[in-house]
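J.: What would the 3D arrangement of this be:
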Amino acid sequence: MKKSFLLLGAIMLLVMSAQAQKYNFEDYVYPFGCRTYASPDSQGNLSSVTQYSFESKTYDNYLVEEVYIGYGIISAKSNYRYHTEENAVISDVQLRQNRLTGSTKYQDKLILFAFPEKDKPFKWTETDRGDKYQCTSEYVYINASIEHNSLFLKSIKITRDNSYIVENEKHRFIETSYWVSNYGRLITFVDWDGTKKASSKLDVLDYIQEISEEEYNKMKK
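T.: Okay, here's the model as predicted:
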């Protein structure tokens, strides 16, 4: 019951915000904070499960991420203090807890979610634990099967791109997430030096593929 009231409080803060009304954050952020995500290993088998929830503490709002491994054992937990600012949900404090390394507090300015600009992508740069990312939020179109229902949807695609050098060798890490109204984040792909795989998938998502606007308009008729 307590958790329900905290969740309701977080939702109401989003809904009451003028920016939230303008950008409909509650259609994307609220569903995301109530979902369960599966992370497959290299063989495609279930490796871990991640659950998200909202908490409110002394006038601050937090997105809580809990990662579980076999037999329901929690292996990591992260608390993101967040607020809305213009078109984005921004975390300015992160508390990351790990069974092996303990707890560490960070004060990186991270955009957890952002709406694109009206007619073009929204771009920004952020630093996450010392690594610099070039980020983009843009509208795309997808064909996705959710709970065995094939849907053609307009989606927000958020990309975080990090290039770095290790022992004089260039490397590149790209993280791509697809967000949909009323579902939140559907899936996140990671690409390490050209090897791409799903790292976190909504538990009710069967498949997803990006399609052209022309194909989307044709299928929606």
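
J.: Name the residues linked to the spatially most central residue of the chain by a beta bridge.
T.: For the chain, Arg185 is the residue whose C-alpha lies nearest the centre (Cα atoms, centre = their mean; 5.4 Å). Going by DSSP bridges, Arg185 is paired in beta bridges with Trp179.

J.: Now do the same contact list for it.
T.: Phe32, Arg35, Tyr37, Ser177, Tyr178, Trp179, Ser200, Leu202 (Cβ atoms under 8 Å, 6 or more residues apart in numbering). For every residue, glycine as well, the C-beta is placed using N, CA and C.

J.: between those residues, which is nearest Gln43?
T.: For the contacts of Arg185, the minimum distance to Gln43 (Cβ to Cβ) is 16.6 Å, reached by Ser200.

J.: Secondary structure element for the nearest residue to Val67 once chain neighbours are set aside, which one?
T.: Computed as Cβ to Cβ, 6 or more residues apart in numbering, the closest residue to Val67 that is not its neighbour in sequence is Ala76, at 4.3 Å. In the assignment (DSSP states H and E), Ala76 maps to strand 73-85.

J.: And the residue lying farthest from the centre of the chain, how close does it get to Ser155?
T.: Distance from the C-alpha centroid of the chain peaks at Asn168, with 31.7 Å (Cα atoms, centre = their mean). Distance, Asn168 to Ser155, by Cβ to Cβ, to the nearest Å: 38 Å.

J.: do Ala38 as well
T.: Counting by Cβ to Cβ, the gap from Ala38 to Ser155 is 19 Å.

J.: Asp92 now?
T.: Taking Cβ to Cβ, one finds Asp92 at 27 Å from Ser155.

J.: okay, the two: which has more neighbours?
T.: Legend: neighbour count by other Cβ atoms under 10 Å for Asp92 and Ser155, higher for Ser155 (22 against 15).

J.: Quickly run through the sheet partners of the host helix or strand of that one, with directions.
T.: Element membership for Ser155 (DSSP H and E) is strand 149-166. Within its sheet, strand 149-166 is paired with strand 131-146 (antiparallel), strand 169-180 (antiparallel), according to DSSP bridges.
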